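**Q** sequence unknown, structure follows:
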């Protein structure tokens, strides 16, 4: 793979903070600070091909323009099927020159091996060299774990564990480890994997214990859902009730109200209390026009379970309630309503936790 200008500037002297890069003259003082670059990558997703070409010309004249390069990382990540090499080249520049830049902690900083296997391996080797050189640098560990997150979960978990050993009092690492385990547990072919959910629950509980009040509330949905999936029904009930108790003090209370009622509904269904399960499903739908921030959509797992019990009337009422606050999903909701009215169980996909 051809190298871009400046790619070897830092690799020969080890990873640098932006301050070091500024002092060395690698990055001009007017450049965006690293914490802004993940936002620039997000903006890059909306670039047109013409705009991206113009940015490439600007970058050719000034290879150290971090804002432009971050936007191109985002653009080429969104177009990685068509231009995987250019995405890899811009990403490698950041890995080799500014491995602590926050853009490397974002989704556009990942390479899909299917689209560019050689690029994935080259970036993987670059991260391996950095981790060996600076094993105590938590920013590098964080970004290396982010790179491997979607493809090599076990490697990402190892890197996160290494970071947690360096910062055992930080909830970040336990939260990220929990997310990895929870994601894998939900990919289980026969449904949620109880053993994987139990492993996720251990990490979620540690993150909860290490977090402040606001962080604890944010973890409650995952704590309750993972506990339910792991068969820890008493814990699931405790966390679900905590969500409902916390809801009045939360500015956007849609999330805890929604998930608290859903978990209590699942527990009721497990105890064959259909009346309670139906009531909880409808309570989960009565979040008004408040958004469900956690997944960007209402959860359909309890609705699906009730459909299998023949409770189509309650599910139809729930789907109608969801129309009030999930405007982006209106078309899907109306399609599901038609299917349920026809006596079918829709494929809710990832929205059934």
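**A** Yes, it's here. The structure presented is a predicted model; accordingly, all values stated were derived computationally and were not measured. Numbering: from 1, shown residues only.
**Q** Neighbours of residue 65, how many?
**A** 20 (other CB atoms under 10 Å). To be clear about C-beta, it is placed using only N, CA and C from the backbone, and glycine gets the same treatment.
**Q** tell me the contacts of the residue lying closest to it once chain neighbours are set aside?
**A** Ranked by CB to CB, 6 or more residues apart in numbering and with sequence neighbours excluded, the top spatial neighbour of residue 65 is residue 59, at 5.8 Å. Residue 59 makes contacts with 65, 68, 69, 72, as judged by CB atoms under 8 Å, 6 or more residues apart in numbering.
**Q** who wins for neighbours among these?
**A** residue 69 (32 neighbours).
**Q** Report the secondary structure state of the residue nearest to that one when sequence neighbours are not counted.
**A** Spatial nearest neighbour of residue 69, excluding adjacent residues (CB to CB, 6+ apart): residue 90 at 5.5 Å. For residue 90, the assignment made with DSSP: H, G, I helix; E, B strand; the rest coil gives helix.
**Q** now do residue 100
**A** coil.
**Q** What does it show for phi and psi?
**A** Here is the backbone geometry of residue 100 (degrees, to the nearest 10): phi -100, psi 0.
**Q** what about the residue nearest to it when sequence neighbours are not counted, distance to residue 105?
**A** Spatial nearest neighbour of residue 100, excluding adjacent residues (CB to CB, 6+ apart): residue 139 at 4.1 Å. Separation of residue 139 from residue 105 (CB to CB, to the nearest Å): 8 Å.
**Q** And for residue 128?
**A** 18 Å.
**Q** With neighbour numbers in mind, choose between the two.
**A** Higher neighbour count among residue 128 and residue 105: residue 105, with 18 against 12, using other CB under 10 Å.
**Q** buried stuff in whichever strand or helix holds residue 313?
**A** Using DSSP states H and E, residue 313 maps to helix 312-322. Residues 312, 314, 315, 316, 318, 319, 321, 322 are the ones in helix 312-322 that count as buried (16 or more other CB atoms under 10 Å).
**Q** Closest to residue 146 out of the residues you listed?
**A** The closest of these to residue 146 turns out to be residue 322 (CB to CB; 32.3 Å).
**Q** What residues does that closest one make contact with?
**A** 285, 298, 329, 333.
**Q** Can you list which of the residues you listed are found in helices?
**A** 285, 333 (DSSP state H).
**Q** Among the contacts of residue 322, give me the pair with the biggest separation.
**A** Across the contacts of residue 322, no pair lies farther apart than 285 and 329, at 12.8 Å, counting by CB to CB.
**Q** out of these two, which sits in the more crowded spot?
**A** Neighbour totals were compared for residue 285 and residue 329, and residue 285 leads with 26 against 19 (other CB under 10 Å).
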